[in-house]
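A.B. asks: I'd like to go over a predicted model; first the sequence, then the structure.
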Amino acid sequence: MSANTIRSMEGKGANMLTSGLDTVRAVQSALEAAGVEFLNHGRPGVRLRGADQP
C-alpha cells in the first residue's frame, strides 16, 4: 500500500475510516508484526509489546 493511503487514514483522526477492510487489516497486521498490540480494555488503544509478552 502507498504512503498516501496511510496519510489518508491518519487524516481521518477519530472519524470512521472509509478505507476497505482489506486495507485496514493489512495495516493492522503490519503494525502487529512490528510489535504493536491493540487494546480494547474499556478504552481502545495501543501499546508496544514488551519483551515479557509473546
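C.D. replies: Yep, that arrived.
A.B. asks: nearest residue to Arg47 other than its sequence neighbours?
C.D. replies: Sequence neighbours aside, Glu37 is the residue nearest to Arg47 in space, at 5.4 Å (criterion: Cβ to Cβ, 6 or more residues apart in numbering). Bear in mind the C-beta positions are built from the backbone N, C-alpha and C, glycine included.
A.B. asks: hmm, Glu32 and Arg47 touching each other?
C.D. replies: No. Shown here, Arg47 and Glu32 do not form a contact pair, counting by Cβ atoms under 8 Å, at 11.8 Å.
A.B. asks: how about the strands of the protein, start to end?
C.D. replies: If DSSP state E is used as the criterion, the strands of the chain fall at 36-41, 43-48.
A.B. asks: and the last one, average pLDDT?
C.D. replies: Mean pLDDT, taken over the full extent of strand 43-48, equals 85.
A.B. asks: just stretch 24-33 next, same as before
C.D. replies: Averaged across stretch 24-33, the pLDDT comes to 92.
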